[in-house]
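> with the input below, show me the fold.
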Amino acid sequence: MSIDSSSHSAAVGASTVRTAVRVNGRAHVVDGDPRLTLLDALRDVIGLTGTKKGCDQGACGACTVLVDGRRVLSCLTLAAQCDGRQVTTVEGLAGDDLHPVQSAFVRHDAFQCGFCTSGQIMSAVALLEEGRAGSDAEIREFMSGNLCRCGAYPNIVAAIREVAGGRGGNAPV
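This is a model prediction of the structure:
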């Protein structure tokens, strides 16, 4: 779950890169080390803490966000790679009401401690958009990159199944 490394970021100083990115529909400019991850830019520079730092190695999925509609692990994605792109975090899903996936997670108690929930929700939104919720086995397969130490997997699958079924199968969210 990564994006290509082509970037249009401008060098600001010897060790600083300026990156223009839209996060949840708002324009942001991030000046930082070229090695700054998208996760650290979201949390520490932009101030959006819904995206969680779990393993910081791309193994747990807690940091999953959408970049141009595709799910990526923000701990493995450089902020500079997102120059000119649209990033959606869990904070950007809800408008006046919760996103249908967020509502289904609440109804199905698809979280316990909540630490992995934002990454789980972002992956669920993406897999629904990808049309990969045809069966419970398919949902489990395409959610396998998101780990839950509390073991809420059956409830997560049920929540995703509900949203997929409520939209007539695999229609986009």
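> list the contacts for the residue nearest the centre of the chain?
Closest to where the C-alpha atoms of the chain average out (C-alpha atoms, centre = their mean) is residue 65, at 1.8 Å. Taking C-beta atoms under 8 Å, 6 or more residues apart in numbering, we find residue 65 in contact with 38, 42, 51, 71-72, 74, 87-90, 122. For glycine as for every other residue, the C-beta is placed from the backbone atoms N, C-alpha and C.
> for the protein, just list every one of the strands.
Per DSSP state E, the chain carries strands over the ranges 10-13, 16-23, 26-32, 64-67, 70-73, 86-88.
> on contacts alone, who are the packing partners of the fifth one?
So the one you mean is strand 70-73. strand 64-67, helix 117-129 (3 or more C-beta pairs under 8 Å, 6 or more residues apart in numbering; DSSP states H and E).
> which residue ranges of the chain form helices?
Taking DSSP state H as the test, the helices found in the chain are 38-40, 100-107, 117-129, 136-142, 153-166.
> give the buried residues for the second one.
Within helix 100-107, the residues that qualify as buried by neighbour count (16 or more other C-beta atoms under 10 Å) are 100-102, 104-105.
> next one: the last one
Residues of helix 153-166 classed as buried by neighbour count (16+ other C-beta under 10 Å): 153, 155-164.
> tell me the angle of that helix relative to helix 117-129?
Here the directions of helix 153-166 and helix 117-129 differ by 40 degrees (axes from the mean of the first three to the mean of the last three C-alpha atoms, to 10 degrees).
> quick one: contacts of helix 153-166?
Contacts for helix 153-166 (C-beta under 8 Å, 6+ apart): 100-101, 104-105, 107-111, 120, 124, 127-128, 133-134, 136, 139-140, 143, 148, 170, 173.
> next one: that helix to chain centre, how far?
18 Å (C-alpha atoms, centre = their mean, to the nearest Å).
> pLDDT at the closest residue to residue 113 other than its chain neighbours, what is it?
Nearest residue to residue 113, sequence neighbours excluded (C-beta to C-beta, 6 or more residues apart in numbering): residue 150, at 5.4 Å. Reported pLDDT at residue 150 in the predicted model: 94.
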